[in-house]
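> here is my input, please return the structure:
(chains A and B)
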There are 2 protein chains.
Amino acid sequence: MPMLENNAQLLHETLRRYVQREAWDRLDDLVKKTRDEELAGVMSVLDLELQADLWRRLPTAARQAHVICLLESPFGQTVLNPLPAQAVATVLREMAPDDMADILADLEPALIDAVLPFLEKSDEVEDLMRYGEDTAGGIMLPEFLALEADSTIEEALGQIRRSDDLEMIYYTYVVDGHGHLVGVLSLRRLVKAAPSTRVRDVMETDVVSVHTHQDQEQVARLVARYGFLSVPVVDEGNHLLGIVTVDDVLEVLQEEATEDMLKMAGAGQTLAETQGVRDNVRIRFPWLLASCGGGVIGAWVMSVYALTLEAHQFLAFFLPVILGMSGNVGTQAATVTVRALAMGQIRHYDGKWNAVRKEMVIGITLGVMYGVIVGLVATCFEDGPQHAVVIGLSVTAGMIVASSVGASIPVVLHRINIDPAIATGPFVTTSVDVLGIWAYFSIAGLLMGWMY
Amino acid sequence: MPMLENNAQLLHETLRRYVQREAWDRLDDLVKKTRDEELAGVMSVLDLELQADLWRRLPTAARQAHVICLLESPFGQTVLNPLPAQAVATVLREMAPDDMADILADLEPALIDAVLPFLEKSDEVEDLMRYGEDTAGGIMLPEFLALEADSTIEEALGQIRRSDDLEMIYYTYVVDGHGHLVGVLSLRRLVKAAPSTRVRDVMETDVVSVHTHQDQEQVARLVARYGFLSVPVVDEGNHLLGIVTVDDVLEVLQEEATEDMLKMAGAGQTLAETQGVRDNVRIRFPWLLASCGGGVIGAWVMSVYALTLEAHQFLAFFLPVILGMSGNVGTQAATVTVRALAMGQIRHYDGKWNAVRKEMVIGITLGVMYGVIVGLVATCFEDGPQHAVVIGLSVTAGMIVASSVGASIPVVLHRINIDPAIATGPFVTTSVDVLGIWAYFSIAGLLMGWMY
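Numbers count the residues shown, from 1 in each chain, chains lettered A, B, ... in the order given. Next up is the predicted model:
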């Protein structure tokens, strides 16, 4: 297994060679022997057409279904949309209901209507499709094993032996006669209990659950914090409706981390979106427009101070240092704040303003330090010491403003229920640029007038 | 449970109030009734001294151990270092061996030597301490249930019932007479098999394992990709030495995502490091020094072109747009590349250069688009159309260079086994700034000389 990377490399090259040579028999043979997870890993770096060709050669509907679930959207739409409804249903039937609902929801509306009658549990799937894709309801499995509180361990074990093809029964949840969630019992504890004991007497009653409408990220953090293997999903009346399992949680946490990183740079939300050049251009263009607009405003501010700039040309030399230092310290403040918010480490209203205050103090400290350093460096340039004071002060002012803005924007966005990551990057750099230029020339204007 | 956030808020305020009023009895009562996970969540936003005070009031060594594991380092060192060896051992004994080894390794060397004799399985713990903290060996549990391939299902179930306090027995791994890993059997399958069957006949033989020295991030991605609940750890001779469980994997993936985000901004590696102002200043200072140095070089480059700048003052106005646009597009390219590398989506040598080529094409496209836009805007400023050509071309050139540099630096760092995230941010912004300034004035110098 330490050879994983090399295996993937080898598999990748071999697949490509067979396709180029049109050695279909060998290709089918290789595909048959390869695990779906490895195949999907290699497929994810191929172009969509080749992906679809390989997918069509998978020998069973079950493997086709599995590979669709492993690859990110829009792979599912691409391969399923052109197929007749019955063929689509054959593949979908092999999926867990939560995946089925997700994939189905992305297909063309006419195809969805045509496919639904072919599915056995179409009601269940339609129910799932009604929940938001990013909620507990959207990622839960509606099929699960619920034990009756009053049955015996022996009856419970019998129930488990009879149950088929349940994705995960490592915990079993316990309900009363009305379907209300009343307890939880790990399979381990169940196996170890005496056969005649009642479930009610060995179950744990202090059970943590989530609501159908709760955001998937909150659910994932909860499962991660407690180290659960699954968490039960209930409605307002505490009726058990499904379970969210740890493998879905792993996926959610990775997706959310990727989303935050990409959003902070204004580069989309998923890595799958970043496969093609065209999509990338479409996604990045508007964020760059924000920074372009900011830059143009900056140019206008500078043109207002054209006379100052003409008299003191050295001011232009140090503009990149001032903007660069402010930009970087602003990004540091924004990144720490966004991640702390996402990890639930800044949760309270107090905590939020504490975080901003802390970043301001850091900004003041680093600002004074670098103000002195850049000021000293500036004395080496021909324009003499009085200019160094202007430059040093501007670095200090710029960095203080940048830290405060960098920490405040995510907090404000979070407060008004906008994802802090979405606009932090472009907002921060643009505001910092404009404010930096304005501060620089204001300080220069003031001090120059005063010193001469 | 949808009330989680509010509960935490309430708990936080109540704890603070009791501490301020010195209402120790009430505090102890509240602590007794609160889950460790919730308590740790609230403690993580308090200052270290108050954290330690609360920790000391926890009623049992087991809870003290659990809370240390839930809070990030350096909490463990802070509360344990001042205690006598025997008291430290009492707490450590309550931890799983992998956590015990991690916490112990962070204590003062003299204390480690003093504590080890008090621990029952000190050999095992010393073994674990020998593996790197970030390897499969470092995060594995050395206590696990291994079934003999030749035993019957009935014998295996008996073995499980007798086994105590094993962290996770949802999968059971199967070994031959020499301790070699030969198969895996889920507890579910075991429960459902006929009692007289041999383990060998129902186990799966195609078992994915990892080596002790493999990096924890690779292990975590593997578990995530396959959706496993645990993965066995073996040595070079395929002897089963331990298991890595999904809860550790969840933690690793979250830590690594945080690390990548903070590293990219030059703001440390863990959120725990960012609690105090002093630590933040110490961590961020050197990264800002890089950007400061780059800015000073930029100032020097500009001073070389002082005559051009004097003749064409408008060049200074547009410097922030050019640097801002280049910086943003460079960060986009770097972010996408760093995350794709981390998620294992760019794995092959070919793939890496494809990624760089793709970013260059994106850079060219966006560069040309924004070159035209900024050029057109520039015509509105008084200096006339020929200057707009210089500015437009500089935007285009800057954005192309920035995309290429932004994608190349992570790939090069990855190639020479340096974490791509560590220097991407500061490296990218600094190189892009210097290259941008140089390109701008070169183009201006060339075209101005040629146009007049």
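> close to chain B, is stretch A:91-104?
No: Stretch A:91-104 does not reach chain B (Cβ under 8 Å from any Cβ of the partner chain); its nearest approach is 10.9 Å. To be clear about C-beta, it is placed using only N, CA and C from the backbone, and glycine gets the same treatment.
> and A:Gln86, that's in a helix?
Yes: applying DSSP: H, G, I helix; E, B strand; the rest coil, one finds A:Gln86 inside a helix.
> any idea how far it lies from chain B?
Applying Cβ to the nearest Cβ, to the nearest Å, the value for A:Gln86 to chain B is 29 Å.
> that residue: how many residues sit nearby?
11 (other Cβ atoms under 10 Å in any protein chain shown).
> next one: the one 4 residues further on
For A:Thr90, the count of nearby residues is 16 (other Cβ under 10 Å).
> same check, this time on A:Pro195
Neighbours of A:Pro195 using other Cβ under 10 Å come to 10.
> please apply the same query to A:Asp25.
With other Cβ under 10 Å as criterion, A:Asp25 counts 8.
> pull the helix or strand with minimum mean pLDDT from chain A.
helix A:4-21 (a mean of 74; mean pLDDT, DSSP states H and E).
> quick one: distance of that helix to the chain centre.
When distances are taken as Cα atoms, centre = their mean, to the nearest Å, helix A:4-21 is centred 30 Å away from the chain's centroid.
> quick check: which helices or strands does it pack against?
On a contact count with 3 or more Cβ pairs under 8 Å, 6 or more residues apart in numbering or on different chains; DSSP states H and E, helix A:4-21 meets helix A:24-33, helix A:36-43, helix A:48-56.
> okay if I get those as TSV plus mean pLDDT and distance to B:Leu71?
Shown next, in TSV, are those (pLDDT from 0 to 100; distance: least, Cβ to Cβ, whole Å):
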stretch	mean pLDDT	distance to B:Leu71
helix A:24-33	87	46
helix A:36-43	82	34
helix A:48-56	85	44
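> residue of the stretch 301-450 of chain A nearest chain B, please.
Minimum separation of the stretch 301-450 of chain A from chain B (Cβ to the nearest Cβ) falls at A:Val321, amounting to 3.0 Å.
> for that residue, which three-state class applies?
helix.
> please name the nearest non-neighbouring residue to it.
Residue nearest to A:Val321 in three dimensions, not counting chain neighbours: B:Gly295, with 3.0 Å by Cβ to Cβ, 6 or more residues apart in numbering or on different chains.
> OK, contacts around the spatially closest residue to A:Ser186 that is not a sequence neighbour?
Leaving aside its chain neighbours, A:Ser186 sits nearest to A:Tyr171 (5.4 Å; criterion: Cβ to Cβ, 6+ apart). Contact partners of A:Tyr171, counting by Cβ atoms under 8 Å, 6 or more residues apart in numbering or on different chains, are A:Val184, A:Leu185, A:Ser186, A:Leu187, A:Phe228, A:Leu229, A:Ser230, A:Ile243.
> partner residues bridging the first one?
Spelled out, that is A:Val184. Judged by DSSP bridges, the bridge partners of A:Val184 are A:Tyr173, A:Glu204.
> I figured it hits A:Val231, correct?
No: at 9.6 Å, A:Val184 does not count as touching A:Val231 under the criterion of Cβ atoms under 8 Å.
> looking at the two now, which is surrounded by more residues?
Neighbours around A:Val184 and A:Val231, counted as other Cβ under 10 Å, are more numerous at A:Val231. The numbers are 25 against 22.
> now do the SS call for that one.
strand.
> which residue is nearest the centroid of chain A?
Closest to where the C-alpha atoms of chain A average out (Cα atoms, centre = their mean) is A:Glu256, at 1.7 Å.
> wait, doesn't that one sit right on A:Ala342?
Yes: using Cβ under 8 Å, A:Glu256 is in contact with A:Ala342, at 7.2 Å.
> okay, and the common contacts of these two?
With Cβ under 8 Å, 6+ apart as the test, A:Glu256 and A:Ala342 both reach A:Glu217.
> need the phi and psi values for A:Ala146.
phi -110, psi 130 (degrees, to the nearest 10).
> pLDDT score for the closest residue to it other than its chain neighbours?
Leaving out its chain neighbours, the residue that sits closest to A:Ala146 by Cβ to Cβ, 6+ apart is A:Val175, at 4.7 Å. A:Val175 is assigned 92 on the pLDDT scale.
> the one 4 residues further on now?
A:Gly179 is assigned a predicted lDDT (pLDDT) of 88.
> need the phi and psi values for it.
Here A:Gly179 shows phi and psi, under degrees, to the nearest 10, equal to phi 80, psi 10.
> A:Asn280 and B:Ile362 touch, don't they?
Yes: judged on Cβ under 8 Å, A:Asn280 makes contact with B:Ile362 at a distance of 4.9 Å.
> those two: who's more crowded?
B:Ile362 (27 against 23).
> hang on, the more buried one packs against A:Arg282?
No: counting by Cβ under 8 Å, B:Ile362 stays clear of A:Arg282, with 10.5 Å between them.
> low-scoring pLDDT stretches of the stretch 301-450 of chain A, where are they?
A:347-351, A:382-384, A:423, A:449-450 (pLDDT under 70).
> helices along that one, start to end?
A:306-311, A:314-317, A:319-342, A:349-379, A:385-415, A:420-451 (DSSP state H, counting those that start in this stretch).
> and among those helices, the most buried is which?
helix A:319-342 (a mean of 28; mean count of other Cβ atoms under 10 Å in any protein chain shown).
> and it with helix B:314-342, angle?
Angle, helix A:319-342 to helix B:314-342, by axes from the mean of the first three to the mean of the last three Cα atoms, to 10 degrees: 30 degrees.
> just checking, what packs against helix A:319-342?
Packed next to helix A:319-342, using 3+ Cβ pairs under 8 Å, 6+ apart, are helix A:246-265, helix A:349-379, helix A:385-415, helix A:420-451, helix B:246-265, helix B:277-304, helix B:314-342, helix B:420-451.
> the fourth one vs chain B: in contact?
Yes: counting by Cβ under 8 Å from any Cβ, chain B has neighbours in helix A:420-451: A:Gly425, A:Pro426, A:Thr429, A:Thr430, A:Asp433, A:Ile437.
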